[in-house]
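Participant: Structure for the following, please:
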Amino acid sequence: MQRLTISLDDDLAEAFEALMRRKGYANRSEAIRDLLRRELGETSLAEGPVQQCVAVLSYVYDHHERQLASRLTDIQHEHHDLTVSTMHAHLDHANCVEAVFLRGATGKVMDFAESVKAQTGVRHGHAHVVPVETATLSGAYFRRR
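Facilitator: Next comes the predicted model:
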């Protein structure tokens, strides 16, 4: 582990302390590590789709929309190599929420997410994409049983 020393102007330091309190960080080191991980992850995602990722695609949809549930299921089956699991819940008489857990090449995962979000009747879609090392994806944690 390396120790780094940084200097911040007073306003930035106060804003950082306030952020730490709001987010519940125990110390500055934990907060800075999380900020760096997030920024490095976003940067690596922006640099190209060849890397691997895990992701959660969540979306709300109108289950009364003609054939939408069937189309969503078909899209998942067409991408069975990316889809790890799906969770579905009924929000009310007309709306459902789904969370689809994905893994694979970042570009393919993002294309899948966009194709789902573009379906008529899908709203409030968001993909949370986390880049991972290829070795991590082949580990026992992600093996299908």
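Participant: for stretch 15-32, which positions count as buried?
Facilitator: Buried residues in stretch 15-32, counted by 16 or more other CB atoms under 10 Å: 16, 20, 25, 31. (Glycine included, C-beta is placed from N, CA and C.)
Participant: Quick one: residues in contact with it.
Facilitator: 8, 34 (CB atoms under 8 Å, 6 or more residues apart in numbering).
Participant: Show me how far it is from its chain's centre.
Facilitator: How far stretch 15-32 lies from its chain's middle: 22 Å, per CA atoms, centre = their mean, to the nearest Å.
Participant: measure it end to end?
Facilitator: 13 Å (CA to CA, to the nearest Å).
Participant: do the same with stretch 103-123
Facilitator: 22 Å.
Participant: quick check, distance from it to the centre of its chain.
Facilitator: Per CA atoms, centre = their mean, the centroid offset for stretch 103-123 relative to its chain is 12 Å.
Participant: Show the average pLDDT along it.
Facilitator: Taken as a whole, stretch 103-123 has an average pLDDT of 92.
Participant: Would you map the helices across the chain?
Facilitator: With helices called from DSSP state H, the chain shows them at 10-23, 28-47, 68-78, 106-117, 134-138.
Participant: give me every residue that touches the most centrally placed residue in the chain.
Facilitator: What sits nearest the mean C-alpha location of the chain, by CA atoms, centre = their mean, is His128, with 1.6 Å. If a contact means CB under 8 Å, 6+ apart, then His128 has 55-58 as its contacts.
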